[in-house]
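Asks: From the sequence below, what's the structure:
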Amino acid sequence: MALNRVKITAGAFAFFAAWESELSPNTCRAFKSILPFSGKLIHARWSGEACWIPLGTLNLGITPENAISRPKPGQILFYSADISETEILIPYGETRFGSSAGELAGNRILTIAEGLDELALLGKGTLWNGSCDIRFDAAD
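Replies: Model (predicted):
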């Protein structure tokens with residue numbers, strides 16, 4: 001069965017996202033292989049209105065695929081360790097993906113299609129109240 005959507009649960013929020021398989025086929029395939037996936041969502045330090053999931057040295061063998069550094073709200077990026085650690089970025093507002101090492105570019109893996117109107121509430125809540133658990137599950 002093909003995985004068409006992903007349910008993302010973060011704190012009290014739930015979102016549904018569509019895979020960006022045409023833009024980042026290898027990245028999507030690799031991330032699908034580790035579902036369900038759980039981590040900690042924290043507010044970004046350098047990227048603006050975004051949250052991120054630090055993944056440390058996780059290596060899924062990913063290289064850049066149509067990588068971008070200025071995602072729109074709900075365009076979820078996967079960055080494979082290069083000049084910074086491996087991470088997932090979830091922008092909820094104006095974002096320029098970066099780290100202490102400078103600007104980064106990540107592969108688009110998912111775009112939130114349902115619940116986008118509540119994404120800023122999650123982001124601002126994470127900024128003011130701290131980290132929360134996040135989980136990615138196949139939805140269909």
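
Asks: Need phi/psi at Phe13.
Replies: Backbone torsions of Phe13, given as degrees, to the nearest 10, read phi -110, psi 150.

Asks: Buried residues, the lengthiest helix in the chain. List them.
Replies: For the chain, the longest helix by residue count, based on DSSP state H, is helix 119-129. Under the neighbour-count criterion of 16 or more other C-beta atoms under 10 Å, helix 119-129 has 119, 122-123, 125-126 buried. Where C-beta positions appear, they are placed from N, C-alpha and C, glycine not excepted.

Asks: got it, and stretch 107-123?
Replies: Under 16+ other C-beta under 10 Å, the buried positions of stretch 107-123 are 107-112, 114-116, 119, 122-123.

Asks: thinking again about what came up before, ok, and what's touching the longest helix of the chain?
Replies: Helix 119-129 is contacted from outside by 10-11, 13, 15, 41-43, 49-51, 73-74, 90, 92-93, 112, 132, using C-beta atoms under 8 Å, 6 or more residues apart in numbering.

Asks: Now restrict those to buried residues only.
Replies: Buried among the contacts of helix 119-129 (16+ other C-beta under 10 Å): 10, 15, 41-43, 49-51, 73-74, 90, 92, 112, 132.

Asks: possible to save these as TSV with pLDDT?
Replies: Formatted as TSV, those follow (pLDDT from 0 to 100):
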residue	pLDDT
Ala10	98
Phe15	98
Leu41	98
Ile42	97
His43	97
Glu49	97
Ala50	98
Cys51	98
Pro73	98
Gly74	98
Ile90	98
Tyr92	97
Ile112	97
Cys132	97
